[in-house]
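Student: Prediction below, plus the sequence it came from.
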2 protein chains.
Amino acid sequence: MTVTLADVAARAQVSPATVSRVLNGNYPVAASTRERVLRAVDELDYVLNGPASALAAATSDLVGILVNDIADPFFGIMASAIQAEIGGPGGRAGGERLAVVCNTGGSPERELTYLTLLQRQRAAAVVLTGGAVEDAPHAAAVAAKLRKLHDAGTRVVLCGRPPAPDTGAIALTFDNRGGGHELTEHLIGLGHRRLGYIAGPEERTTTRHRLEGHRAALADHGIEEDPRWTVHGRYDRQAGYEATLELLRRDPTLTAVVAANDSVALGACAALRDSGLRIPDDVSVAGFDDLPFSVDAVPSLTTVRLPLAEAGARAGRIAMGREEPPPGEIATIRGELMVRGSSGGPRG
Amino acid sequence: MTVTLADVAARAQVSPATVSRVLNGNYPVAASTRERVLRAVDELDYVLNGPASALAAATSDLVGILVNDIADPFFGIMASAIQAEIGGPGGRAGGERLAVVCNTGGSPERELTYLTLLQRQRAAAVVLTGGAVEDAPHAAAVAAKLRKLHDAGTRVVLCGRPPAPDTGAIALTFDNRGGGHELTEHLIGLGHRRLGYIAGPEERTTTRHRLEGHRAALADHGIEEDPRWTVHGRYDRQAGYEATLELLRRDPTLTAVVAANDSVALGACAALRDSGLRIPDDVSVAGFDDLPFSVDAVPSLTTVRLPLAEAGARAGRIAMGREEPPPGEIATIRGELMVRGSSGGPRG
DNA sequence: CATCAGATAGAAAGCGCTTGCTGTGACGCT
DNA sequence: AGCGTCACAGCAAGCGCTTTCTATCTGATG
């Protein structure tokens, strides 16, 4: 039924071994023979059996990319950049690799299961993107898995994720703390003293780091933080909307709202508008990430730009072994403050 | 080095066959034996070798999802919904399947290569999303590939893509033509007579269908179309911005701009604003898709909602064989006109 | 008590490919 | 002329798992 290597070999009048070598191209084969084989492959419309080849060679050409939410451009952009470097078809990479993105939906279990699945497929490399969950047992389980993958020869790269010590994983980490600090400092510089903060889900590293940066900035300027000024929620627009209403309820005198990310900030803007407040005249708003739509918002969003595409590309190259890992296997990627129309001096 | 089935068998004092059967659970195994095996698996931390098992069983648990642009929420949302149904880990599906999304970047060659790669992996199913390219040779090549995949037992589902006759593929098609028609009709109903249209890339089915709907609506109302009123561009915000400036240059008297999709529409809004025009007082704007951010735009965007998540979920279920394919193997999914703030009567 | 169906477990034959090792001519060297 | 060297090509042994067929044991049946 299906065409196998042996069929091609028969047709080209050579041994299966020769066909295999022509296809893999890592062994000398006479030009004339090669041509004959290639013609046979073409005529029979032969397609290599991936599993068989992976089994025999003990390696596969699968590269896994784990993301928290594939519908979120934050991850989409990184995944896209990673995939472009992995080669996938058409990439500049020599061997064709199947870059696959796996959507964990932010669930620790799914993350773990996907890692097992990739381990099972003997993936060539795995790139984990986005913040990690700060649950000790789960973190340990993931670390163990990463270590195992690494030991099995799978290259593991963390992109926009905190380092995982002793796992052999290369980490490209975003400086969320620094970015958060700079952003809040900017607002303080404008004269704001009562700042609301809409944080992401409690147990995520990204959430914690950004919040820490924010608080550090407040502390630096001797501003005592009111616990009512922080609200947690999901990383989406809806959460931002609701959290903002809650903040306004708790303290209507806030002059600025800092959001966990741009989507949340957009929700915040909508809530402020719906509450009859002008941005930035009445309340300033700031986001994080600088996703493409942020510059288009009205007013355009003050935020911290994270070089998602660049980071992804680099992670992809490292995963493919086409770029040296950073010294110490850890690199910190800084964000860049983008001051735009959504932030201004308080009340006036 | 790595633990194999045989190791587990030895440890559990059973034959490899038994271990395999315990793991696959489709053959009677005494409870006590099963337990012993499971314990051994656990103790040895055994992970099944995917390729080996795929080879022996002649099937794999890979499901491919092809998207044009993973960084675009349009695809992200569909992919997310599909993946959720495929199961991936944690899904309600029984067997764990590895749902992998492949980013073609809109390139026909990459699309083809990914299909080959998936064929090579003996994928259990493949879902293609988004519009197709209307290049005859390429379309034929894709059709041939789909046919081959289908014949090899891979379930093929098209989601938001026109049917591919005689390939055995199930198609869930969006009614782009109808949506485009309804949208333009709405604007005409408001009194608009000079409507600019920002179309997507020329050679895509989605582009053509939406444009056809637009033109049909114009024709229905006896409006003669000026060729200067149509500009083609990419499906992104930037293209919308530039195309709008071009339209304005060609005919400053336009009272409405219809965009190929919401991102393009947002770009159009930005361009109009930058040109000192108010929306919708001076010019009305309409998009397509109703992506999450569209309702947040200022003013909120009049557009056609496509049930991306529902369609994706259905495609996923069909791909898994958990839902009957539609009669005739083709279903047309209609959009819903969402009238919002960006459209109003012309000039006041 | 002999017989047989039913329930489990094992033996072994692959699945389709890769690769170390073994030929085998053709060349070049002394 | 004799022989070591290459450059290729083929042999055959797996890679780790699934699955058919067969063997064994149990308890039920007549």
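Tutor: Nice, thanks for sending it over.

Student: ok and the residue in the stretch 101-250 of chain A nearest chain B?
Tutor: Here the stretch 101-250 of chain A gets closest to chain B at one residue, A:T113, 2.9 Å apart by CB to the nearest CB. All C-beta spots, glycine's among them, are computed from the backbone N, C-alpha and C.

Student: measure that residue to B:V41 for me?
Tutor: In this view, A:T113 and B:V41 are 16 Å apart by CB to CB, to the nearest Å.

Student: Tell me where the stretch 1-150 of chain A is predicted with low confidence.
Tutor: Flagging of the stretch 1-150 of chain A using pLDDT under 70 yields the residue ranges A:1, A:87-96.

Student: in it, which spans are strands?
Tutor: For the stretch 1-150 of chain A, the strands defined by DSSP state E, counting those that start in this stretch cover A:62-67, A:98-103, A:125-129.

Student: residues in contact with the closest residue in space to A:R122 that isn't next to it in sequence?
Tutor: Distances taken as CB to CB, 6 or more residues apart in numbering or on different chains place A:S60 nearest to A:R122, at 4.8 Å, with adjacent residues excluded. Contact partners of A:S60, counting by CB atoms under 8 Å, 6 or more residues apart in numbering or on different chains, are A:G50, A:A54, A:Q121, A:R122, A:A123, A:A124, B:P51.

Student: In this model B:P51 seems to touch the second one, though I could be wrong.
Tutor: Yes: taking contact to mean CB atoms under 8 Å, the distance of 3.6 Å between A:A54 and B:P51 places them in contact.

Student: near chain B at all, stretch A:66-83?
Tutor: Yes: using CB under 8 Å from any CB of the partner chain, stretch A:66-83 reaches chain B at A:D69, A:I70, A:A71, A:D72, A:P73, A:G76, A:I77, A:A79, A:S80, A:Q83.

Student: before we move on, what about stretch A:234-245?
Tutor: Yes: against chain B, stretch A:234-245 shows contacts by CB under 8 Å from any CB at A:R237.

Student: Would you mark the buried spots in that stretch?
Tutor: By 16 or more other CB atoms under 10 Å in any protein chain shown, the buried positions in stretch A:234-245 come out as A:R234, A:Y235, A:D236, A:R237, A:A239, A:G240, A:Y241, A:E242, A:A243, A:T244, A:L245.

Student: Mind telling me the two of those farthest from one another?
Tutor: Using CB to CB, the two most remote members of those are A:Y235 and A:L245, lying 17.6 Å apart.

Student: Pull the contacting residues for the residue nearest to A:G168 when sequence neighbours are not counted.
Tutor: Excluding the flanking residues, the one nearest A:G168 by CB to CB, 6+ apart is A:H150, at 3.5 Å. When contacts are counted by CB under 8 Å, 6+ apart, A:H150 touches A:V156, A:T167, A:G168, A:A169.

Student: pretty sure the last one contacts A:L158?
Tutor: The one in question is A:A169. Yes: counting by CB under 8 Å, A:A169 does reach A:L158; the two are 5.5 Å apart.

Student: which residues are common contacts for these two?
Tutor: A:L128.

Student: How many neighbouring residues does the residue nearest to A:F174 when sequence neighbours are not counted have?
Tutor: Excluding the flanking residues, the one nearest A:F174 by CB to CB, 6+ apart is A:G160, at 4.9 Å. By other CB atoms under 10 Å in any protein chain shown, the residues close to A:G160 number 24.

Student: what about the residue of the stretch 201-348 of chain A found nearest DNA strand C, how many neighbours?
Tutor: Per CB to the nearest atom of the strand, A:G321 is where the stretch 201-348 of chain A lies closest to DNA strand C, at 16.7 Å. Other residues lying near A:G321 total 11 when counted by other CB under 10 Å.

Student: need the contact list for it.
Tutor: By CB under 8 Å, 6+ apart, the contact set of A:G321 is A:R155.
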